[in-house]
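Chemist: Got a predicted structure here, sequence first:
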4 protein chains.
Amino acid sequence: MSKATPHSPTARFDVSADLEYDIAFPSTFILSMHAQRSRLQTVTSEELVLEPKVKIEELVSDNDENHFVRFHTGKQKTLAIRYRATVERSVDLLSVKDIEATRVAAVDRRVLPYLFPSRYCQSDRLSRFAWDLFGKIGNQYQTVRAIDDWIFANVEYLRGSTDSETSAFDTVTQRTGVCRDFAHLGIALCRALNIPARYFTGYALDLVPPDMHACFEAFLGGRWIIFDPTRLSSLNGLVRIAVGRDAADAAVASIFGRAKGKKFAVDCQLAKGEKFTPFNRKQLASTCVSLEPAAA
Amino acid sequence: MSKATPHSPTARFDVSADLEYDIAFPSTFILSMHAQRSRLQTVTSEELVLEPKVKIEELVSDNDENHFVRFHTGKQKTLAIRYRATVERSVDLLSVKDIEATRVAAVDRRVLPYLFPSRYCQSDRLSRFAWDLFGKIGNQYQTVRAIDDWIFANVEYLRGSTDSETSAFDTVTQRTGVCRDFAHLGIALCRALNIPARYFTGYALDLVPPDMHACFEAFLGGRWIIFDPTRLSSLNGLVRIAVGRDAADAAVASIFGRAKGKKFAVDCQLAKGEKFTPFNRKQLASTCVSLEPAAA
Amino acid sequence: MSKATPHSPTARFDVSADLEYDIAFPSTFILSMHAQRSRLQTVTSEELVLEPKVKIEELVSDNDENHFVRFHTGKQKTLAIRYRATVERSVDLLSVKDIEATRVAAVDRRVLPYLFPSRYCQSDRLSRFAWDLFGKIGNQYQTVRAIDDWIFANVEYLRGSTDSETSAFDTVTQRTGVCRDFAHLGIALCRALNIPARYFTGYALDLVPPDMHACFEAFLGGRWIIFDPTRLSSLNGLVRIAVGRDAADAAVASIFGRAKGKKFAVDCQLAKGEKFTPFNRKQLASTCVSLEPAAA
Amino acid sequence: MSKATPHSPTARFDVSADLEYDIAFPSTFILSMHAQRSRLQTVTSEELVLEPKVKIEELVSDNDENHFVRFHTGKQKTLAIRYRATVERSVDLLSVKDIEATRVAAVDRRVLPYLFPSRYCQSDRLSRFAWDLFGKIGNQYQTVRAIDDWIFANVEYLRGSTDSETSAFDTVTQRTGVCRDFAHLGIALCRALNIPARYFTGYALDLVPPDMHACFEAFLGGRWIIFDPTRLSSLNGLVRIAVGRDAADAAVASIFGRAKGKKFAVDCQLAKGEKFTPFNRKQLASTCVSLEPAAA
């Protein structure tokens, strides 16, 4: 994809998340709600408030991208978490012409883990299914688009139809789910075809109803390309929080202990005065979108 | 565990693995059969021979421990892989007295992934089971020993009773398996109890029948402690190849393409003239074993 | 069990069920809410009212016990179902002394289907688990009691923790559920041990909260003996509606089409002036309870 | 289907089954290998020999069709079972024109159990899948043919790819299996669409390799119509042994105890001098096949 012409439509977003919990006993939280920082994503202001005040620790993943926060509740009985940020988001628009195949023999070592099955993406069990349906479609980019289209056409978005144990192996047959399930299925199918794929969580512009969003990224032509099989977001209207093998790696809140959610409100809007033209899906035939800067 | 008295029984092992494949069409292999190199494990000689000769690439994981090899078969129709190494292996024997609990709030960021469910270790689905059986046992070390004992007592080692899709959720009920299944169950139960745990593959001295071995490591008191719920190896008779979230991360051979195994022979013996006193399991009440050097 | 002294504490119960549905399009209902009729259960009055009025058909199972009702909604958009009955219920109290083992080689042909796995009772997958835990307990009656006790002790009754797809294979590990799940697990474990077992649905006196109840029956000494691993009912306070292999056979309402439940209210009370002494579980060491008349 | 013109091509078959077992300890066997007897299937000679000799009991199912045999091995250490029969087999060829839809509201009570999910046919979990793929295809006969075609086209017949725990929910995704798995999937999909369906076991003429065969029957227009999604048999070259909800009901040998199969040889050939014209699948557009006599 060296000949691609990166073009970067930029926009500023105001994102927020408000979570409230009843804490049954002292618990450790790992929160994954901070916007990532990268060449394509600049956090111009950011604030995390915990009430009551609890001492937090900021953690950054190896690749310096995922920012998360860890804290222990101590004896607090309730906890309110409020995150606000303004994020300037660019995307790389890449020409799909001449996308070179991702060859397992050549990909960077750090991409390899995204080839293997994970908790919610049992690519090993979906292998024959994936090859039967998608094994003979033109190049890899067309293959992943076919997967993306197939999921959109065959899985119904239905709140409450799945739970935290639902995995791609269930969804491929049950054919209902939410964004998380759509993403897991996309990932599993890509990996089954030897295409590295990973889970994406983020804020999505004007998502209805407002919520955290999940998509998936496939590694094509040396870049991580974003796909949203739910069709609920604009591909250039996403603020990335984290990536991981699947939802097990990138839960908004991983709780070690016991706490019960009382409120979960998320919002993502254009910053004041900002203009935004959604990426037109019809362009996907010629252009794809990456939210991940190319490695230096 | 700062007060532990590291004591390092050392021994030299000759290890080997001979694999042969029929290659159906050009495939990429990722081999994980090289002995790790660390303060506790010195590779004094090592040789990998592929026949016919194929160009290989050596890869090393972030932590500089897992060494693996990647290559593409090209048009070869068969492939013979022969690995030979002599490895000097030490272990840290640690006093279990005063083992401090692993607190999720405090563990190193790089340990966190080993708290989450993975393909074969669905700790999320085993949570209640784990807390019911092991939630009230003394300290964390005693808890993991109880898990290790329970698996040994309740799961029967039975070749051919499981396959590459079998996971901890199956094994906890079906109660048969091989070393891989025993390890997955140990890992899943630890994680369900908020104790980081990971998969271990290695060569095991005098294993009967000879094969690659799988164990698990739990993160206790700031160190990775080794457990073998099959009881088939001596804890100081192991040569570590790789660690990972589960078998998906540490397969001896991950094959992208299609190839069929014809031979799989593994051996691990004491080097000539070497003496060896197996670690006595009765000591486990007071002493545990780590194969992972403490972080600097 | 020929020496058992049948003793029949009798009581009259008023039972009722009120269901309401929104009908999305013309649907066929099969209702299983009528009290069975047998030597041990006399229906003294009974009324089923559908509103709007729909023509119904009464069906009776081969053994003349399960009474169910079938009807087609036609174009009705809503449907209210009201069932009222007064039932005189006896039980056979049987001495557990000298209970002869149920031998597969000797049981009546009609009992055989209750030895095989079914949708929610995968006895084939629970075989080793069952033999490990319950394979060496005295006689068959003691074995089933041990199963009943184990479920009560190890599975937590938790509304909303399971759904219509949950099966015994899930429950044995997840260890939460409702009466249906408790019954399925009991059945699966019995069958795994070659003891015929079946699903029971009925009205239960003073159940809190009021609902349909599910228990299981094991075939011991030539009789169907009732067990309630939830401990929520009195064994002589049950009015039997139906038996079957599992909940797939005995749903209160099987709907072919599409309808959405709006109301589901069930009640079971002593008839006016009636006295009732609950069967005391402590007696179970010497006495068990059958709600099924012995075959002639 | 009242206008159908039953036409009965008749042929005589010699069938045999030879099974040998090592008996670990005294076990009860239930054998299902006897040819059924019905208007369409006449057993002209039949012999069952057990060596050593063991006393057997013949059992017949309620509908007087399934014949099976039960015996206890006693202290025998080995057992050889030899079954030989000559069977005259007719089929009803029915016109598919004017096949009336099977309405749940109208089918005979004894057909109802074949609408519900069973151990290996989880129609409840395949509901959306079935409606998505097959919900809008002409009439019910065309629907079942579409299911039959889809399975043949999408599931690969692959010995050893599945085991006794494999169910339709697995096969729909894994897409490999043997006749048993093909049949389970066909049944589950029919039931999901409210079409009664059941499991069929029998001898199949010239099956390669020789083995017991499994197919499925769907209840259409008041008759049980046979389908073989493996395409390995001629629909008029089948000798029916048993029908049931799924393989759990109709295993060749259900063993209560412990025994290990040493030999399993099955054969089905035309009787001497007999001529046979296989039913031509191309006729299926206009004609279907029933092996079950219409109810009187």
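Modeler: Structure received.
Chemist: in the sheet, who's paired with the spatially most central residue of chain A?
Modeler: Note on chain A: the residue nearest the mean C-alpha position is A:Phe200, at 1.4 Å, using CA atoms, centre = their mean. A:Phe200 forms beta bridges with A:Cys215, A:Val243, as assigned by DSSP bridges.
Chemist: Strands of chain A, start to end?
Modeler: Applying DSSP state E to chain A gives strands spanning A:11-31, A:41-51, A:56-60, A:67-72, A:78-89, A:92-95, A:156-157, A:176-177, A:197-204, A:212-220, A:223-227, A:238-244, A:253-270, A:287-290.
Chemist: Just send the ones you listed back as JSON lines, with mean pLDDT too.
Modeler: Shown next, in JSON lines, are the strands of chain A (pLDDT from 0 to 100):
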{"stretch": "strand A:11-31", "mean pLDDT": "96"}
{"stretch": "strand A:41-51", "mean pLDDT": "96"}
{"stretch": "strand A:56-60", "mean pLDDT": "93"}
{"stretch": "strand A:67-72", "mean pLDDT": "94"}
{"stretch": "strand A:78-89", "mean pLDDT": "97"}
{"stretch": "strand A:92-95", "mean pLDDT": "92"}
{"stretch": "strand A:156-157", "mean pLDDT": "96"}
{"stretch": "strand A:176-177", "mean pLDDT": "96"}
{"stretch": "strand A:197-204", "mean pLDDT": "97"}
{"stretch": "strand A:212-220", "mean pLDDT": "97"}
{"stretch": "strand A:223-227", "mean pLDDT": "97"}
{"stretch": "strand A:238-244", "mean pLDDT": "96"}
{"stretch": "strand A:253-270", "mean pLDDT": "95"}
{"stretch": "strand A:287-290", "mean pLDDT": "95"}
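Chemist: how about the residues of chain A near chain B?
Modeler: Applying CB under 8 Å from any CB of the partner chain, we find that chain A lies next to chain B at A:28, A:30, A:59-62, A:70-72, A:103-105, A:109-110, A:112-113, A:115-119, A:122, A:124-125, A:164-165, A:194, A:248-249, A:254, A:256. (C-beta placed from N, C-alpha, C; glycine too.)
Chemist: Would you agree the residue nearest to the centre of chain A is in contact with A:Arg245?
Modeler: No - taking CB atoms under 8 Å as the definition, A:Phe200 is not a contact partner of A:Arg245, at 11.4 Å.
Chemist: List the contacts of A:Leu185.
Modeler: Contact partners of A:Leu185, counting by CB atoms under 8 Å, 6 or more residues apart in numbering or on different chains, are A:Ile151, A:Val155, A:Ala168, A:Thr171, A:Val172, A:Gly177, A:Pro229.
Chemist: roughly how far apart are it and chain D?
Modeler: Distance, A:Leu185 to chain D, using CB to the nearest CB, to the nearest Å: 11 Å.
Chemist: OK, contacts around A:Gly135?
Modeler: Neighbour list for A:Gly135: A:Leu193 [criterion: CB under 8 Å, 6+ apart].
Chemist: now with 6 Å?
Modeler: Contacts for A:Gly135 (CB atoms under 6 Å, 6 or more residues apart in numbering or on different chains) come out as none.
Chemist: now it: how far from C:Leu112?
Modeler: As judged by CB to CB, to the nearest Å, A:Gly135 and C:Leu112 stand 45 Å apart.
Chemist: same deal with A:Thr44?
Modeler: Using CB to CB, one gets 73 Å for the distance from A:Thr44 to C:Leu112.
Chemist: Of those two, which one has the most company?
Modeler: For the pair A:Thr44 and C:Leu112, the greater number of neighbours falls to C:Leu112 (18 against 10), based on other CB atoms under 10 Å in any protein chain shown.
Chemist: Give me the nearest residue to the more buried one, chain neighbours excluded.
Modeler: In space, and not counting its chain neighbours, C:Leu112 is closest to D:Ile30: 7.1 Å by CB to CB, 6 or more residues apart in numbering or on different chains.
Chemist: Tell me what that neighbour is bridged to.
Modeler: Beta-bridge pairing for D:Ile30 (DSSP bridges): D:Arg70, D:Ser254.
Chemist: from what I can see it touches D:Phe256, true?
Modeler: No - at 7.8 Å, D:Ile30 does not count as touching D:Phe256 under the criterion of CB atoms under 6 Å.
Chemist: These two: who's more crowded?
Modeler: More crowded of D:Ile30 and D:Phe256, by other CB under 10 Å: D:Ile30, with 22 against 18.
Chemist: tell me the contacts of the more buried one?
Modeler: By CB under 6 Å, 6+ apart, the contact list for D:Ile30 reads D:Phe68, D:Arg70, D:Ser254.
Chemist: top of the residues you listed by neighbour count?
Modeler: In the contacts of D:Ile30, the most neighbours by other CB under 10 Å go to D:Phe68, 22 neighbours.
Chemist: For B:Glu292, see how far away that residue is.
Modeler: Distance of D:Phe68 to B:Glu292, computed by CB to CB: 59 Å.
Chemist: Kindly report the same for A:Ser45.
Modeler: The gap separating A:Ser45 from B:Glu292 is 42 Å, by CB to CB.
Chemist: between these two, who's got more neighbours?
Modeler: More crowded of A:Ser45 and B:Glu292, by other CB under 10 Å: B:Glu292, with 24 against 9.
Chemist: interface residues of the stretch 1-150 of chain A facing chain D?
Modeler: A:Arg128, A:Phe129 (CB under 6 Å from any CB of the partner chain).
Chemist: Can you tell me which residue of the stretch 1-150 of chain A sits closest to chain D?
Modeler: Residue of the stretch 1-150 of chain A nearest chain D, by CB to the nearest CB: A:Arg128 (4.5 Å).
Chemist: Tell me the pLDDT of that residue.
Modeler: pLDDT for A:Arg128: 95.
Chemist: Neighbours of the closest residue to it other than its chain neighbours, how many?
Modeler: Among residues not flanking A:Arg128 along the chain, D:Arg175 sits closest, at 4.5 Å (CB to CB, 6+ apart). D:Arg175 is flanked by 22 other residues according to other CB under 10 Å.
Chemist: Equivalent analysis for A:Phe13, please.
Modeler: Per other CB under 10 Å, the neighbour tally for A:Phe13 reads 24.
Chemist: So it is in contact with A:Val87, correct?
Modeler: Yes - if you go by CB under 6 Å, A:Phe13 and A:Val87 touch, sitting 5.2 Å apart.
Chemist: if I look at A:Pro9, how far off is A:Thr277?
Modeler: From A:Pro9 to A:Thr277 the distance is 7 Å (CB to CB).
Chemist: Between these two, which is the more surrounded one?
Modeler: Neighbours were counted for A:Pro9 and for A:Thr277 using other CB under 10 Å; A:Pro9 has more, 15 against 10.
Chemist: For that one, which non-adjacent residue is spatially closest?
Modeler: Among residues not flanking A:Pro9 along the chain, A:Asn236 sits closest, at 5.6 Å (CB to CB, 6+ apart).
Chemist: residues contacting that neighbour?
Modeler: Contacts for A:Asn236 were tallied using CB under 6 Å, 6+ apart; they are A:Pro9, A:Val91, A:Phe279.
Chemist: Repeat that for A:Thr171.
Modeler: For A:Thr171, the contact set (CB under 6 Å, 6+ apart) comprises A:Gly177, A:Asp181, A:Leu185.
Chemist: So what's the residue count around A:Arg223?
Modeler: The number of residues packed around A:Arg223, counting by other CB under 10 Å, is 23.
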